[in-house]
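Asker: fold the stuff below for me.
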Amino acid sequence: MTALAKTRDARRAPRSPAECRATARVAVSVEVIDASANGIRARISIALPVGTTLKIGLPGAVQRHARIIWSNDGEIGCEFLAPLSEEELGSVLAATPDARPR
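Answerer: Numbers count the residues shown, from 1 in each chain. Presented below is the predicted three-dimensional model:
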């Protein structure tokens, strides 16, 4: 028996066949480039496909689910599933020393 086979046989619990959908959470580095109440443009550390939904933690303890609506050369555009309030957007912009509307 090979070492790999022995490792597979050393399971702590018996396995059963299963076929179902599941979700996974992965930590991804996100650098926000600009923000509005409706979404952000950001640089991201790994490629993710358009349509992916992310839970994004923003400055000021603001968290939002957002959907990637475009992706191009390491940058993404995300639309928040629920818009930021003026106060939440203010917290995000306060974390940027030279933030001003463009």
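Asker: what ranges of the chain fall below the confidence cut-off?
Answerer: Of all residues in the chain, those with pLDDT under 70 make up the ranges 1-9, 98-102.
Asker: quick one: Leu93 is in a helix?
Answerer: Yes - counting by DSSP: H, G, I helix; E, B strand; the rest coil, one finds Leu93 located in a helix.
Asker: that one contacts Asp34, correct?
Answerer: No - judged on CB atoms under 8 Å, Leu93 makes no contact with Asp34 at a distance of 9.8 Å. (Glycine included, C-beta is placed from N, CA and C.)
Asker: for the protein, what's the longest strand?
Answerer: As assigned by DSSP state E, the longest strand anywhere in the chain is strand 62-72.
Asker: next, the angle from the next helix or strand after that one to strand 62-72.
Answerer: Counting by DSSP states H and E, the element after strand 62-72 in chain order, helix or strand, is strand 75-80. Here the directions of strand 75-80 and strand 62-72 differ by 140 degrees (axes from the mean of the first three to the mean of the last three CA atoms, to 10 degrees).
Asker: what helices or strands is strand 75-80 leaning on?
Answerer: Secondary-structure packing of strand 75-80 (3 or more CB pairs under 8 Å, 6 or more residues apart in numbering; DSSP states H and E): strand 39-44, strand 62-72.
Asker: figure out how far the shortest one is from the centre of its chain.
Answerer: Between the centre of strand 39-44 and the centre of its chain there are 10 Å (CA atoms, centre = their mean, to the nearest Å).
Asker: and the angle for that strand with strand 75-80?
Answerer: 140 degrees.
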